[in-house]
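Q: Okay, sequence plus prediction incoming.
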Amino acid sequence: MNIKQYLDSTYLKTADQANLSEYENTEVVKNCIQEAIEHDFKLIMIRPDKVALAKKMIQEANSKVTIGTVIDFPLGNGTLEDKLAEAKEAIENGVDDLDFVVDYEAFKRGEIEAIKEQVLEGTKLGLSHHKIVKWIIEVAALDNHQIVQLSALIKNVVIANFDENDYEKVFVKSSTGFYKTPEGVPNGATVPTIKLMLENSCPLPVKAAGGVRTYEEAVEMIQLGVKRIGTSAAKAIANGEISNSDY
């Protein structure tokens, strides 16, 4: 198993969140991009304003690392128009994967038709530009029944509106890594939540994001059936080390 090809190496902190200057935070991003290039990870996942920088560095290195970014992050409560505009800009800047945050609070309020429209229009935009699309459902904000329902909703929208050959390009993704949970409660992927997602999103692939910090945990997720792992500990995982990272 080439575990590196499952790893979306992730850095999504703003300068304020990292308690750094803009310059210092950009240097951190550059180092993450360079690390992804050197270790041949599947993808580097960064904020939208850093996509062009990643594209430039990866092209200059003649690397096959792909670029992902997050859309309407981390709350997912922007308008559909805002979501699509942000995604279009990322596409223009050279992104490969679009990780949309679904408006999970609207889903919890029962605004099902609005969620279906988000998923339909965001997926249509991404696939029409030959991009991978992922829908972050924020499992820590949902109970098990809601995880089942939202995973199935995304699957059903894709099956009803897109070609079978496109299914592998639309993921259901567990977490942003930014959701605030009570002390000690995981805010990312767990084995039980990933099992629920896999059972209810199939044939769409699943991305486990947040909470995977060791090689053993990554292998466990892959053996369950996930196709991608989002982590800020990609290097440690690839090297068989243990990380104390928070995503």
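A: All right, it came through fine.
Q: need the helices for the chain, in chain order.
A: 15-18, 22-39, 51-60, 80-92, 104-108, 112-128, 144-161, 191-201, 215-224, 234-238 (DSSP state H).
Q: Under the pLDDT cut-off, which ranges of the protein? List them.
A: With pLDDT under 70 as the threshold, the chain has low-confidence stretches at 244, 246-247.
Q: switch to 90 and redo it
A: Low-confidence segments of the chain, defined by pLDDT under 90: 1, 182-187, 211, 240-247.
Q: Just want the most central residue of it.
A: The centroid of the chain falls nearest to residue 99 when counting by CA atoms, centre = their mean (4.8 Å).
Q: That one against residue 67, yeah?
A: No. Residue 99 is not in contact with residue 67 according to CB atoms under 8 Å; the separation is 11.2 Å. In short, each C-beta sits where N, CA and C put it, glycine included.
Q: Apart from its chain neighbours, what residue comes closest to the residue nearest to the centre of the chain?
A: Using CB to CB, 6 or more residues apart in numbering and skipping residues adjacent in sequence, the residue nearest residue 99 is residue 134, 4.4 Å away.
Q: Report the contact partners of the one you found.
A: 68, 97, 98, 99, 100, 170, 171, 172, 173, 207, 228 (CB atoms under 8 Å, 6 or more residues apart in numbering).
Q: and with 6 Å instead?
A: 99, 171, 173, 207 (CB atoms under 6 Å, 6 or more residues apart in numbering).
Q: Check residue 196 too.
A: Taking CB under 6 Å, 6+ apart, one finds 147, 148 in contact with residue 196.
Q: thinking again about what came up before, want to throw the helices of the chain into TSV with distance to residue 8?
A: Output for these, formatted as TSV (distance: least, CB to CB, whole Å):
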stretch	distance to residue 8
helix 15-18	19
helix 22-39	9
helix 51-60	13
helix 80-92	15
helix 104-108	20
helix 112-128	16
helix 144-161	18
helix 191-201	15
helix 215-224	11
helix 234-238	8
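Q: winner for burial among those?
A: Highest mean neighbour count of the helices of the chain: helix 234-238, a mean of 23 (counted as mean count of other CB atoms under 10 Å).
Q: Residues contacting it from elsewhere in the structure, which ones?
A: By CB under 6 Å, 6+ apart, helix 234-238 touches 4, 7, 9, 35, 39, 41, 215, 218, 243.
Q: Quickly note the distance from the fourth one to residue 20.
A: According to CB to CB, to the nearest Å, residue 35 and residue 20 sit 17 Å apart.
Q: next one: the second one
A: Relative to residue 20, residue 7 is positioned 24 Å away (criterion: CB to CB).
Q: Which one's more surrounded, those two?
A: Set residue 7 next to residue 20 and count neighbours by other CB atoms under 10 Å: residue 7 wins out with 27 against 15.
Q: What's opposite that one in the beta bridge?
A: Residue 7 forms beta bridges with residue 229, as assigned by DSSP bridges.
Q: Might one say that it is in contact with residue 41?
A: Yes. Using CB atoms under 6 Å, residue 7 makes contact with residue 41 at a distance of 4.8 Å.
Q: Not counting its neighbours along the chain, what's nearest residue 22?
A: residue 15 (4.8 Å).
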